[in-house]
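Peer 1: okay, here's the prediction I keep looking at, along with the sequence it came from:
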Amino acid sequence: MSHNSLPKDLDLSFLLDIADGSNEFIVESIQMFMQQTPELLQMIATGIAAGDWTTVSSASHKLKPNLGFFGMPISQATIQEVEIMAKGGAQDPELLKQKFSEVQAILEENLISLAKIKAEKETQL
């Protein structure tokens, strides 16, 4: 998947609804996501490289609800596929690796977008 064809998979409407106008809540939520997501992505990447499907499955499982919270249904569905494939012993490790690479690229782009949103909200505190 080329960088230009990445789906825009970020809808903060749920976060904005529950924040009820609190920029502090939005900033803190984004900050937590920005700390956890790269760590979980690294765990998955390391697990894939080592063929450690338990780690891949566990880290994918931990990442999934965060993606839902931040309105990323495409990424959430893809990481669930990665989790299911890993739980099944990764019968096709190349397909698992491909799916992970796709979702990783989307999430890295979304982290950049979230950093900009966070900076904007911080100026309003």
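Peer 2: It's in.
Peer 1: hey, let's count contacts and neighbours off CA atoms from now on
Peer 2: Fine.
Peer 1: so E122 sits against S22, correct?
Peer 2: No. Counting by Cα atoms under 8 Å, S22 is not a contact partner of E122; they are 10.9 Å apart.
Peer 1: now the helices for this protein?
Peer 2: In the chain, the segments counted as helices under DSSP state H are 13-19, 23-50, 53-69, 73-87, 93-123.
Peer 1: pull out the buried positions in the fourth one.
Peer 2: Buried positions in helix 73-87, judged by neighbour count with 16 or more other Cα atoms under 10 Å: 73-76, 78-87.
Peer 1: closest to G47 among the residues you listed?
Peer 2: Nearest to G47 among the buried residues of helix 73-87 is A86, at 9.7 Å by Cα to Cα.
Peer 1: low-confidence ranges in this protein?
Peer 2: Across the chain, the ranges flagged by pLDDT under 70 are 1-7.
Peer 1: let's see it at 50
Peer 2: Applying pLDDT under 50 to the chain flags the ranges 1-6.
Peer 1: report the contact partners of G71.
Peer 2: If a contact means Cα atoms under 8 Å, 6 or more residues apart in numbering, then G71 has 9-14 as its contacts.
Peer 1: which of the residues you listed tops the neighbour count?
Peer 2: With neighbours taken as other Cα atoms under 10 Å, the top of the contacts of G71 is L10, carrying 21 neighbours.
Peer 1: does it really touch M72, like I thought?
Peer 2: Yes. Using Cα under 8 Å, L10 is in contact with M72, at 5.0 Å.
Peer 1: what is the neighbour count of K99?
Peer 2: Using other Cα under 10 Å, K99 has 16 other residues around it.
Peer 1: go on, I112?
Peer 2: I112 is flanked by 12 other residues according to other Cα under 10 Å.
Peer 1: tell me how far it lies from Q124.
Peer 2: Distance, I112 to Q124, using Cα to Cα, to the nearest Å: 19 Å.
Peer 1: next: Q31.
Peer 2: 16 Å.
Peer 1: these two: which has the busier surroundings?
Peer 2: Remark: of Q31 and Q124, Q31 carries more neighbours, 14 against 10, as counted by other Cα under 10 Å.
Peer 1: and that one, what is it in contact with?
Peer 2: Contacts of Q31 by Cα under 8 Å, 6+ apart are K118.
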